[in-house]
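Trainee: coordinates only, sequence not included:
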């Protein structure tokens, strides 16, 4: 079955301009055209799903292009793809740690201001008097172990 760019856009919730960009960047080298109109196959849809998830991991277009170019079934291509994915996995894990630290600080600050609003004054922020979950969030946000 073949799909038009509009159909693919709707199916994958991607703007048509993004699909054109991916094509222009060479991420879909097997994409067929009939009378100049892009025609997407099931295989193209699967490639686009891979591209979408690689993009969500923060992988740059050049790296995605390289990943897609390593498309044959050889052991060498599998190894190259695995190494690229492992590298991105480490990068994403580091980013997630930073985001978790920021979330933990927000949790602490929300608690702080909720307490201030309840009592009408600044809450006791002694680390040992905080509720366990807030103490944990505060400690994690600082990267230190307290109490």
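Mentor: In hand now; what should we look at? Small disclaimer: the values here were computed from a predicted structure and weren't measured.
Trainee: and whichever strand or helix holds residue 118, what does it pack onto?
Mentor: When secondary structure is defined by DSSP states H and E, residue 118 falls within helix 75-119. For helix 75-119, the packing partners by 3 or more Cβ pairs under 8 Å, 6 or more residues apart in numbering; DSSP states H and E come out as helix 61-69, helix 132-142. From N, CA and C alone the C-beta is placed, and that goes for glycine too.
Trainee: Recalculate using a threshold of 10 Å.
Mentor: If contacts are counted by 3 or more Cβ pairs under 10 Å, 6 or more residues apart in numbering; DSSP states H and E, helix 75-119 sits against helix 42-56, helix 61-69, helix 132-142.
Trainee: between the second one and helix 75-119, how big is the angle?
Mentor: Direction vectors for helix 61-69 and helix 75-119, defined by axes from the mean of the first three to the mean of the last three Cα atoms, to 10 degrees, enclose an angle of 140 degrees.
Trainee: Which positions within helix 61-69 qualify as buried?
Mentor: Within helix 61-69, the residues that qualify as buried are 64, 67-68, counting by 16 or more other Cβ atoms under 10 Å.
Trainee: cool, the first one as well?
Mentor: Along helix 42-56, the positions that meet the burial threshold by neighbour count (16+ other Cβ under 10 Å) are 44-45, 47-48, 51, 54.
Trainee: what angle sits between that helix and helix 75-119?
Mentor: Here the directions of helix 42-56 and helix 75-119 differ by 50 degrees (the same axes, to 10 degrees).
Trainee: For the remainder of this discussion, apply numbering that starts at 247.
Mentor: Let's use 247 as the start, then, which means that last one is helix 288-302.
Trainee: What mean pLDDT does helix 288-302 get?
Mentor: For helix 288-302, mean pLDDT is 96.
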